[in-house]
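*Asks:* Here is a sequence with its predicted model. Questions after.
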Amino acid sequence: MKGLAWYTVIFNLVLIILFILTSAGVVEAPPFSWLETIAWAVFMVPVIILGIKVIKPSK
């Protein structure tokens, strides 16, 4: 499970970084709207938080 959690966190962080680079004009714009981009970023935040919770050792 920790391997999947690491993959999930890293993959989603990379996607959010790409969204930021797209808004800065560094990366070419994706073939979908800004509203869809924002929705993707918002929906990825809980996935990252849950992934980090799985990665952290339990007390």
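*Replies:* Sure thing, it's come through. Residues are numbered from 1 along each chain as shown.

*Asks:* Nearest residue to the middle of the protein?
*Replies:* Centroid-nearest residue in the chain: Asn12, 2.4 Å away (criterion: Cα atoms, centre = their mean).

*Asks:* Show the contacting residues for that one.
*Replies:* Met44, Val47, Ile48, Gly51 (Cβ atoms under 8 Å, 6 or more residues apart in numbering). Just so you know, the C-beta spots here come from the backbone N, C-alpha and C atoms, and that holds for glycine as well.

*Asks:* got JSON lines for those residues, with pLDDT, neighbour count and distance to Ile20 too?
*Replies:* As requested, the contacts of Asn12 are exported to JSON lines (pLDDT from 0 to 100; neighbours: other Cβ atoms under 10 Å; distance: Cβ to Cβ, whole Å):
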{"residue": "Met44", "pLDDT": "83", "neighbour count": "18", "distance to Ile20": "12"}
{"residue": "Val47", "pLDDT": "84", "neighbour count": "14", "distance to Ile20": "17"}
{"residue": "Ile48", "pLDDT": "83", "neighbour count": "18", "distance to Ile20": "14"}
{"residue": "Gly51", "pLDDT": "83", "neighbour count": "21", "distance to Ile20": "19"}
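
*Asks:* ok, back up a step: spatially nearest residue to the residue nearest to the centre of the chain, not counting backbone neighbours?
*Replies:* Spatial nearest neighbour of Asn12, excluding adjacent residues (Cβ to Cβ, 6 or more residues apart in numbering): Met44 at 4.4 Å.

*Asks:* follow-up on the earlier one: so which of the contacts of Asn12 sit within helices?
*Replies:* Those of the contacts of Asn12 mapping onto helices are Met44, Val47, Ile48, Gly51, per DSSP state H.
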